[in-house]
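Trainee: Fold the following, please.
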Amino acid sequence: MIKLNARDLAGSDTIITANDLLYVSSDTIYPIIKNKLSDDLKNNFEIFRNKYKFRSLIAHLFENFFFEEITIDKIHTITVPPGRKFILKPSSGFMGGANFVIDARTDKKKIAEEVEKELIDFNKMYPRAFSEKMILEDYIDGKDEYAVDMYYNTKGQAVILGIYVHPQAVNNKYVQLLYYFNKEIYQKLASELTRFFDTLNKELNIKNFPIHAEFKINHNGQFIPIEFNPCRFGGMGLVDLAYYGMGINFIKTYFEQQSVDWHQWTSENFYWLLGYNDKNERSPLFKPDHRLLKNVLSKGFDLLNYTEIDHTNFPVFSISYLKNNTIATIDSLLSIDFKEFNQKVQ
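Mentor: So this is what the prediction gives:
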């Protein structure tokens, strides 16, 4: 395994092909290195990173699912039939940036203004990661989202590594607040997800390729994909949850073309919690109280690791890795208000 700096790779003569094993750790890195990828590998990245291209790829599997690509200047023309909801988001992007749910009562002109504002801010934080084109699609009903870190091996077979539940926070501004997993989730979903990915690859014929996928389960119990992205495989430190919890390195597992034996796991619950700045904005006018947050979390959870993030450059200030034995305590995480952990700078 060779670890390369993105800019060093971009300035080299190296060309990475679809026969190589490649892990790209962030959406902001891909634009720097894409010209060093062979055409077929680059095509695989482009299909999955672009939500519109991906939705077009699987459209025949979900024939009644509405979607279309739209530019910001056309947002005010969107018509939503009564009783339906759409979601509007950038064709390329992440962290919930410029994502808005729209129904028949929504002020479309106001939404267009907010989209432009958020895209400017997110492109400053994550250069080249967000597109100006948007995708408008059916809102998928379902209580929770599910996230999957998986890869296609050298034979094109799907190998499931991480399966996480991504519940909705009480504060809807905390879009990426919490992911968690346990043995029970794997037992319930691993076989069905493997079949889904294997079926999909009968058409794609992809090998040696990692993907982070997100789904919702609709009222019929059907898995509906939200997005797939190879640049989000274990991204934002999510891959470290299995490492801190059980000593399993999913990136190493991918490079060694191995699988995980979840049957041997303990019955504990493992949580990834993202600490948000006050008002979900970057600001030098306050500072996070890391000690207070760690003390609060330690009352109901074992704190496995705590990573501080530069809150002046990003809208978040920490990632907490937690575990406990009862899922009932999850409500205390979903209802957390980070205002009390953000102190004004004197």
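Trainee: Would you mind listing the outside residues contacting the longest helix belonging to the chain?
Mentor: Secondary structure assigned by DSSP state H gives helix 183-204 as the longest helix of the chain. Contacts of helix 183-204 from elsewhere in the structure, counted by Cβ atoms under 8 Å, 6 or more residues apart in numbering, are 44, 57-58, 61, 146, 148, 150, 152, 156-158, 160, 163-165, 213, 223, 262, 265-267. Where C-beta positions appear, they are placed from N, C-alpha and C, glycine not excepted.
Trainee: Mark which of the residues you listed are part of helices, please.
Mentor: 44, 57.
Trainee: Using PyMOL, define a selection of the buried residues within the contacts of helix 183-204.
Mentor: Selection of buried members from these for PyMOL, criterion 16 or more other Cβ atoms under 10 Å:
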select buried, resi 44+57+146+148+150+152+158+160+163+164+165+213+223+262+265
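Trainee: residue contacts, residue 266?
Mentor: 183, 246.
Trainee: wait, residue 175
Mentor: Contacts of residue 175 (Cβ under 8 Å, 6+ apart): 95-96, 99, 169.
Trainee: try residue 322
Mentor: Per Cβ under 8 Å, 6+ apart, neighbours of residue 322: 270-273, 297, 301-304.
Trainee: who wins for most neighbours among those residues?
Mentor: residue 272 (27 neighbours; other Cβ atoms under 10 Å).
Trainee: can you tell me which residues contact it?
Mentor: When contacts are counted by Cβ under 8 Å, 6+ apart, residue 272 touches 164, 178-180, 237-238, 241, 319-322.
Trainee: Validate this expectation: it resides in a helix.
Mentor: No: Residue 272: not assigned to a helix; according to DSSP: H, G, I helix; E, B strand; the rest coil it is strand.
Trainee: Which residue comes closest to the residue most central in space within the chain once chain neighbours are left out?
Mentor: Here the mean C-alpha position of the chain is nearest to the C-alpha of residue 232 (Cα atoms, centre = their mean), at a distance of 5.9 Å. Leaving aside its chain neighbours, residue 232 sits nearest to residue 212 (3.8 Å; criterion: Cβ to Cβ, 6 or more residues apart in numbering).
Trainee: Would you agree the one you found is in contact with residue 225?
Mentor: No: Residue 212 lies out of contact with residue 225 (Cβ atoms under 8 Å); the separation is 11.7 Å.
Trainee: So if I had to pick from these two, which one is more boxed in?
Mentor: residue 212 (24 against 21).
Trainee: Could I get the pLDDT score of the more buried one?
Mentor: Residue 212 is assigned 95 on the pLDDT scale.
Trainee: How many residues are close by residue 77?
Mentor: Applying other Cβ under 10 Å, I find that residue 77 has 9 neighbouring residues.
Trainee: what about the closest residue to it other than its chain neighbours, distance to residue 180?
Mentor: Computed as Cβ to Cβ, 6+ apart, the closest residue to residue 77 that is not its neighbour in sequence is residue 108, at 7.6 Å. Counting by Cβ to Cβ, to the nearest Å, the gap from residue 108 to residue 180 is 36 Å.
Trainee: next one: residue 77
Mentor: For residue 77, the distance to residue 180 - Cβ to Cβ - is 40 Å.
Trainee: Repeat that for residue 100.
Mentor: 26 Å.
Trainee: do residue 80 as well
Mentor: 33 Å.
Trainee: if you count what's nearby, which of those two comes out ahead?
Mentor: Neighbour tally, residue 80 and residue 180, criterion other Cβ under 10 Å: the higher count belongs to residue 180, 21 against 16.
Trainee: just checking, that one touches residue 268?
Mentor: No: the criterion here is Cβ under 8 Å, and residue 180 misses it with residue 268 at 10.5 Å.
Trainee: so what's in contact with these two at the same time?
Mentor: In contact with both residue 180 and residue 268: no residue, using Cβ under 8 Å, 6+ apart.
Trainee: Show me where this protein has its helices.
Mentor: Going by DSSP H, the chain shows helices at 6-10, 30-33, 39-49, 51-57, 108-125, 183-204, 240-246, 250-255, 290-297, 330-334.
Trainee: List the buried residues for the third one?
Mentor: So the one you mean is helix 39-49. 41-42, 44-45, 47-49.
Trainee: how big is the angle separating it from helix 183-204?
Mentor: Interaxial angle, helix 39-49 versus helix 183-204 (axes from the mean of the first three to the mean of the last three Cα atoms, to 10 degrees): 130 degrees.
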